[in-house]
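A.B. asks: quick one, structure for this:
(one chain, ligands or ions: 1)
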Amino acid sequence: MWLDPLVVRSFAFISHAHTDHARRHKEALLTPQTLALIPEARRPRGWRMLGFGESMRRGDGTVTLHPAGHMLGSAQLHFEHEGTSVLYTGDIKLRQPGRVRTFVPRADVLIIETTYGRPHFRFSDPDETIELIARWCRRALDSHVTPVLLCHALGKTEEVMLALAQYGFAFALEKRCVPCAHQYAQAGRSLPDWIELNGDPIADRVVIAPPVGKDEVRRLGRYRTALISGWAKDPDFARLFGADATFDLALAL
Ligand SMILES: [Zn+2]
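C.D. replies: Modelled structure (predicted):
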């Protein structure tokens, strides 16, 4: 069994639905939510779904999946064989909103993704960051400026909407975020009030758009942009997107 392999394999574990992890394997092991988030044209040819906390036999070993807290459906894989265990995390986020910590099962061998492994990636408290983003959006709306949050379309957009829902915002999504929002809803996670951005000026809504290609955003009239990304900790990367503000909200670690 291959773990998130980059090339097509006969049997592979897909930890979550981001394109750098989901390949069209002959047979894949994944959670039902991850399968629902992979567009049909990109799905593996065959699959075996396993829910969180469920186990399955593989040879003489046992495989169990646990939530990785990275995005909807994302899973850690725990493999045990004759008293020895391996844990593969995929992309993992340990700190969840509301000070909840992701459960990480004990294992003899840990294989962990380190997207933000370099020392300058020390993220602020996610609850405080969400609070800061909410205040930034509110200030913009109060002065009749459209707040635009630049977020990766699949995962980040939806997680940010869910986290900001408690502040009562309504949203307008740039067209590239729309299919992902539908997929999230289909996979069982309902999102707060949103409409699709259609080129008309938007009042009283927070706009969410992917960081690259801001054509539709430029038609909004008065707007301000904020990059929402773990990469905001990297000044060169943040400068690349020319955002007015940056917030270091990451989906990993
Ligand atoms: Zn990912």
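
A.B. asks: elements contacting the lowest-mean-pLDDT helix or strand in the chain?
C.D. replies: Of all helical and strand segments in the chain, the minimum by mean pLDDT, DSSP states H and E falls on helix 235-240, at a mean of 78. Contacts defined by 3 or more CB pairs under 8 Å, 6 or more residues apart in numbering; DSSP states H and E place helix 235-240 against no helix or strand at all. C-beta: built from backbone N, CA, C; applies to glycine.

A.B. asks: now it, how far from the centre of its chain.
C.D. replies: 20 Å (CA atoms, centre = their mean, to the nearest Å).

A.B. asks: strand partners of the helix or strand just after it, parallel vs antiparallel please.
C.D. replies: The helix or strand immediately downstream of helix 235-240 is strand 245-247, counting by DSSP states H and E. Counting by DSSP bridges, the strands paired with strand 245-247 are strand 223-228 (parallel).

A.B. asks: so the nearest residue to Arg205 once chain neighbours are set aside, which of the three states?
C.D. replies: Spatially, and ignoring its direct neighbours in sequence, Arg205 is nearest to Ala172 (4.4 Å; CB to CB, 6 or more residues apart in numbering). Three-state call for Ala172 (DSSP: H, G, I helix; E, B strand; the rest coil): strand.

A.B. asks: check contacts around the residue in the stretch 101-250 of the chain positioned nearest to the ion.
C.D. replies: Using CB to the ion, the single residue of the stretch 101-250 of the chain nearest to the ion is Gly155, 6.5 Å away. Contacts for Gly155 (CB atoms under 8 Å, 6 or more residues apart in numbering) come out as 16-18, 70-72, 180, 251.

A.B. asks: hmm, Leu87 and Tyr110 touching each other?
C.D. replies: To be clear, residue 110 is Leu; Tyr isn't right here. Yes. The pair Leu110 / Leu87 is scored as a contact, 5.3 Å apart, by CB atoms under 8 Å.

A.B. asks: against Gly61, how distant is the residue nearest to Ala226 when sequence neighbours are not counted?
C.D. replies: Distance criterion CB to CB, 6+ apart; nearest residue to Ala226, sequence neighbours excluded, is Ala245 at 4.1 Å. Using CB to CB, to the nearest Å, Ala245 is found at 48 Å from Gly61.

A.B. asks: Leu173 now?
C.D. replies: On the measure of CB to CB, Leu173 and Gly61 end up 43 Å apart.

A.B. asks: these two: which is more packed in?
C.D. replies: Leu173 (25 against 15; other CB atoms under 10 Å).

A.B. asks: can I assume that one is in contact with Asn198?
C.D. replies: No. Counting by CB under 8 Å, no contact exists between Leu173 and Asn198, whose distance comes to 10.6 Å.

A.B. asks: what pLDDT does the residue in the chain positioned nearest to the ion get?
C.D. replies: Ranking the residues of the chain by distance to the ion (CB to the ion) places His18 first, at 3.6 Å. Note on His18: pLDDT of 92.

A.B. asks: how about the one 3 residues further on?
C.D. replies: Model confidence at His21, given as pLDDT, is 79.

A.B. asks: spell out which residues of the stretch 51-200 of the chain are next to the ion.
C.D. replies: Asp91 (CB under 5 Å from the ion).

A.B. asks: right, I'll call it a day here.
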